[in-house]
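Visitor: got a sequence here, can you build the structure:
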Amino acid sequence: MDNIVDSLTTAHQEFISAAASTLEAKENSGGQKTPATDAALENFKQRWELFRVACDQAEEFVESVKQRIGSECLVDEATGSVAPKPGQPAPSGLPPISAVRLEQMSKAVRWLVIELQQGSGAGGGTSHPNSAAPFDARFTEDPAQ
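Guide: Below is the predicted model of the structure:
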């Protein structure tokens with residue numbers, strides 16, 4: 001994370017510096033187009049692109065962290081490994097499930113979505129390509145909870 005912040009900070013500083021240099025070159029030329037203003041403008045464009053790339057990388061990092069935190073919270077909630085905080089609503093009364101069971105259900109949902117997208121979900125008894133029997137949502141809770 002420090003590298004991303006450093007990269008973004010450096011790109012921003014170089015972008016601002018290039019903007020200042022471009023304005024200075026324009027002022028020095030009296031507003032006329034000169035090789036110096038063209039060079040300053042080209043440098044400004046390059047620094048702008050580098051700054052945009054750094055912003056995109058930082059945004060990707062933030063999104064990946066948000067997804068990871070969200071997944072961890074979901075697993076914690078589903079497995080009951082987090083005690084409710086004061087002032088939060090009481091649990092729903094549903095028993096917690098094991099992380100293994102949560103993963104099994106998640107995979108089953110993914111396969112059903114894929115089958116539906118491929119149009120093979122209309123048969124009612126579709127099966128997972130790697131299993132001999134159709135998915136049964138009623139299978140028992142994993143004893144290794």
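Visitor: and Ser29, its phi and psi?
Guide: Note on Ser29: backbone dihedrals following degrees, to the nearest 10 are phi -90, psi 0.
Visitor: so it sits right up against Ala39, yeah?
Guide: No - judged on CB atoms under 8 Å, Ser29 makes no contact with Ala39 at a distance of 11.3 Å. In this view, the C-beta of every residue, glycine as well, is placed from N, C-alpha and C.
Visitor: state the distance from Thr37 to Glu27.
Guide: In this structure, Thr37 lies at 10 Å from Glu27, with CB to CB, to the nearest Å as the measure.
Visitor: these two: which is more packed in?
Guide: When Thr37 and Glu27 are compared for neighbours, Thr37 comes out ahead with 18 against 10, by other CB atoms under 10 Å.
Visitor: wait, doesn't that one sit right on Thr22?
Guide: Yes - judged on CB under 8 Å, Thr37 makes contact with Thr22 at a distance of 7.5 Å.
Visitor: count of neighbours near Gln104?
Guide: Using other CB under 10 Å, Gln104 has 16 other residues around it.
Visitor: also the one 3 residues further on?
Guide: Burial measure for Lys107: 12 neighbouring residues, criterion other CB under 10 Å.
Visitor: mind pulling up the pLDDT for it?
Guide: The model reports Lys107 with a pLDDT of 84.
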